[in-house]
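[1] starting from these lines, generate the structure:
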Amino acid sequence: MGSEEQLTSRTGHQSLANPKFSPPYNVCVSDWQPMVKCTAGPEVSETPFKGYQIELFRLLAQQVGWTAEDYKFTCMDWTDLMEDLRSDSGLCSMTASGVQVTNDLLSQGIKFSWPTYKSGLRIMIHADLVQGSTWAFLEGFHWSVWISLGATGLAVGFAVAFIEWATPEEVAGPRRDHGKGWQAWTWYSLAKLMHVVSHVGDPATDASRILVLGYGFLVLVMVSMYTASSASSITAERLAHPVHSMKDLKGRSVITWDAYVAKLKYRHGITATGHKWEGEADFEEMLTALKEDKYDALVLDTPVLEYTAGTNHDCNLFLVGETFETFVVALAFPAGFNDSIIFAFSTSMVKLQTEQGSLDMLESVYIKTGGTAKCFSSSGGSHGGGDPIQLRQLSGLWYILCIAIAICFIMTIIHNMRKKRGRVKPGHAKAPSHKLSGPGTIPKTPESTVAAAAVIADGSNARNPPASPAHGNRPRSHSGGGGGEGEWPVNWKSFLGLTPHAYREEEEDEHGRPSSHRRRHHTPKTP
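    Got it, this is the predicted structure:
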């Protein structure tokens, strides 16, 4: 029994009205690798015909009982092939190229088999792999985490300063203050974050200590996480290109097939330049334009770009983003083709797909050829992740240091300018003021200067005796806050830390004063 008779007995009927619907069937294909590889022109043998769709059709032909004498391949340009399918007097019995199933073709009477491949659109870019970047060390954390860390350091400094300033003296103990305030404790908290020694000392109140312990645990965890993530960020290989997904295509120069221009424009807002795609030569023209950086990206069918990227030995063509605008391709038949044969092909397709796994095998052989994994160092590519870290990858650290040095010099210049502006010129000295600041205050006359200094140094002022060790060394306020035992302090200058001892840890003398205080304010000798 011949192959035609076998198919006729299996399907029930066979149309012989048109010679192209009878064996040997003329199976037309168009060159688009990796689905079909052929050369347009008179067909002489099956040897030049290769690719995913070609091998799949041969398997399907065996399933339906066809032999090599029952069909032949003919290579044509894409436009000519589609026009032939629409024509009743065409030469093509069917096409095995893999035609996208659309409502437009269905309305024109084109018939389709069960889908042979699920495809879609992908984005290809021409780029180089680079290891790290200038600011790669900052990529260990998201920018919101960096801002949160800085804000946390400022908040902790303010909280510790407020607790230390607001806690009553009998609760805080004798080593309570030393004039530290928000300025000093902010430096303390930021220095802890950067592992810099602050020399501010430890908080005196239990509440502040608990707060500092919680802050220290946060810093410990964040440092550990940053160490783990920053190492991979600095050494990781990445694409040096502005396009990384479909959303980056807006406003960029994009090249694609003519048939996809309108779809990209109205569905995704991407303005693309169209190019004809009749065969492999036209695809090479689009690829060359991409390699010459005339366009930022190439958008075409997924299998075509996956195969191209996988077979590119220069490691400069990469796929970015995910597949979008998915669709299916299938065997296509003219309107008058026998439905029973189409049904036989569809049944065989399902069997190959679900029972034998042939489609996955063909995809691995012809389309997914390893992709760009070979280009990365982790897969043994030429771009080594084991290369030493270069200065370019960490140069941002030196930029930050230069900015800090510039701010340092600017602040120094401003302080010196303010100091010069506040100096009194010779011959313009202010007259000594005899205004009393309170009852019992010694007038500031030349005769009393030496005696007043001695009185202050000895702490013998009857109006303001030195604080005893039991009450700490914080000076009493004269701003109207009372300052009695058990009352909250109201010295805002002390809260802000604008005192000479804000950043020093010093020992106290028997009067509760810093030991250096006596050395600076010694009693002058009188002649």
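
[2] and the strands in the stretch 251-400 of the chain?
    For the stretch 251-400 of the chain, the strands defined by DSSP state E, counting those that start in this stretch cover 254-257, 272-275, 297-301, 317-333.

[3] ranking those strands by burial, who's on top?
    strand 297-301 (a mean of 25; mean count of other CB atoms under 10 Å). Any C-beta I mention is one placed from the backbone N, CA and C, and that applies to glycine too.

[4] what's the angle between that strand and strand 317-333?
    30 degrees (axes from the mean of the first three to the mean of the last three CA atoms, to 10 degrees).

[5] so which elements touch strand 297-301?
    Using 3 or more CB pairs under 8 Å, 6 or more residues apart in numbering; DSSP states H and E, the elements in contact with strand 297-301 are strand 117-126, strand 254-257, helix 280-291.

[6] quick revisit: of all the strands of the stretch 251-400 of the chain, which lies closest to Ile54?
    Closest to Ile54 of the strands of the stretch 251-400 of the chain, according to CB to CB: strand 317-333, at 11.9 Å.

[7] can you list the strands that that closest one pairs with?
    strand 94-100 (antiparallel), strand 111-112 (antiparallel), strand 117-126 (antiparallel) (DSSP bridges).

[8] got any ranges where the stretch 151-300 of the chain has weak pLDDT?
    169-179, 231-238 (pLDDT under 70).

[9] swap in the chain?
    1-18, 40-47, 131-133, 169-179, 231-238, 370-394, 419, 422-527.

[10] and Gly396, which of the helices and strands packed on strand 297-301 is closest to it?
    Ranked by CB to CB, the member of the helices and strands packed on strand 297-301 that lies closest to Gly396 is strand 117-126, at 25.2 Å.

[11] okay, the closest one in PDB with CA atoms only?
    Only the C-alpha atoms of strand 117-126 are listed here, as PDB (Å, rounded to 0.1, in the frame of the first residue of the first chain):
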ATOM      1  CA  TYR A 117       6.800  26.400  18.600                       C
ATOM      2  CA  LYS A 118       5.900  29.000  21.100                       C
ATOM      3  CA  SER A 119       7.800  32.200  20.200                       C
ATOM      4  CA  GLY A 120       7.700  35.900  21.000                       C
ATOM      5  CA  LEU A 121       9.900  39.000  20.800                       C
ATOM      6  CA  ARG A 122      13.200  39.500  22.500                       C
ATOM      7  CA  ILE A 123      15.700  42.300  22.800                       C
ATOM      8  CA  MET A 124      19.300  42.000  21.600                       C
ATOM      9  CA  ILE A 125      22.000  44.600  22.400                       C
ATOM     10  CA  HIS A 126      25.700  45.000  21.400                       C
END
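
[12] what residues of that strand count as buried?
    The neighbour-count check on strand 117-126 (16 or more other CB atoms under 10 Å) flags 117, 119, 121-126 as buried.

[13] next one: stretch 407-421
    Buried-residue list, stretch 407-421, by 16+ other CB under 10 Å: empty.

[14] please enumerate residues in contact with it?
    Contacting residues not belonging to stretch 407-421 are not present [CB atoms under 8 Å, 6 or more residues apart in numbering].

[15] same check on stretch 328-336?
    15, 17-18, 20-21, 35, 57, 60, 85-88, 90, 92-101, 105, 108-119, 342, 345.

[16] cutoff 6 Å now
    With contact meaning CB atoms under 6 Å, 6 or more residues apart in numbering, stretch 328-336 is reached by 85, 94-96, 98-101, 109-113, 115-119, 342.

[17] and if you look at stretch 292-303?
    119-125, 243, 249, 252-256, 286, 289-290, 323, 367.

[18] to Glu306, which of the helices and strands packed on strand 297-301 lies closest?
    Among those, the nearest to Glu306 by CB to CB is strand 117-126 (7.1 Å).

[19] hang on, the earlier thing: mind putting the strands of the stretch 251-400 of the chain in CSV, distance to Leu149 included?
    CSV is the format used below for the strands of the stretch 251-400 of the chain (distance: least, CB to CB, whole Å):
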stretch, distance to Leu149
strand 254-257, 40
strand 272-275, 43
strand 297-301, 37
strand 317-333, 32
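
[20] out of the ones you listed, flag the one nearest Ala136.
    Nearest of these (CB to CB): strand 317-333, 19.2 Å.

[21] what angle sits between that closest one and helix 280-291?
    Here strand 317-333 points in a direction 160 degrees away from that of helix 280-291 (the same axes, to 10 degrees).

[22] quick one: buried residues of stretch 340-360?
    341-342, 344-346, 348-349, 352, 358-359.

[23] just stretch 155-173 next, same as before
    156-161, 163-165, 167, 169, 172.

[24] could you export the strands paired with strand 317-333 as TSV, including distance to Arg267?
    What follows is those, written out as TSV (distance: least, CB to CB, whole Å):
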stretch	distance to Arg267
strand 94-100	15
strand 111-112	23
strand 117-126	10
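
[25] quick one, which of these is nearest to Leu239?
    Shortest distance between Leu239 and those, using CB to CB, is found for strand 117-126: 7.1 Å.

[26] what's that closest one in contact with?
    By CB under 6 Å, 6+ apart, strand 117-126 touches 98, 241, 243, 290-291, 297-299, 301-302, 305, 316, 318-321, 323-329.

[27] would TSV of the helices and strands packed on strand 297-301 with distance to Lys192 be doable?
    Formatted as TSV, the helices and strands packed on strand 297-301 follow (distance: least, CB to CB, whole Å):
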stretch	distance to Lys192
strand 117-126	44
strand 254-257	50
helix 280-291	52
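
[28] tell me which of those lies nearest to Asp206.
    Using CB to CB, the nearest of these to Asp206 is strand 117-126, at 59.5 Å.

[29] report the two of the buried residues of stretch 155-173 separated the most.
    Top of the distance list for the buried residues of stretch 155-173 (CB to CB): Val156 and Glu169, 23.3 Å.

[30] what about the strands in the stretch 101-250 of the chain?
    Along the stretch 101-250 of the chain, the segments classed as strands by DSSP E, counting those that start in this stretch run 111-112, 117-126, 129-131, 237-239.

[31] would you convert these into TSV that also reports distance to Asp80?
    Output for these, formatted as TSV (distance: least, CB to CB, whole Å):
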stretch	distance to Asp80
strand 111-112	19
strand 117-126	22
strand 129-131	41
strand 237-239	39
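
[32] mind checking the ones you listed for the one nearest to Val261?
    strand 117-126 (12.0 Å).

[33] measure stretch 95-110 end to end?
    Taking CA to CA, to the nearest Å as the measure, stretch 95-110 stretches 11 Å from start to finish.

[34] so which of the strands of the stretch 251-400 of the chain comes closest to Phe217?
    strand 317-333 (39.8 Å).

[35] grab the nearest non-local neighbour of Asp248.
    Pro242 (6.3 Å; CB to CB, 6 or more residues apart in numbering).

[36] can you count the residues close to the one you found?
    12 (other CB atoms under 10 Å).

[37] what distance do you get for it to Ala297?
    10 Å (CB to CB, to the nearest Å).

[38] coming back round to it: nearest to Gly65 among the buried residues of stretch 340-360?
    Ala344 (8.5 Å).
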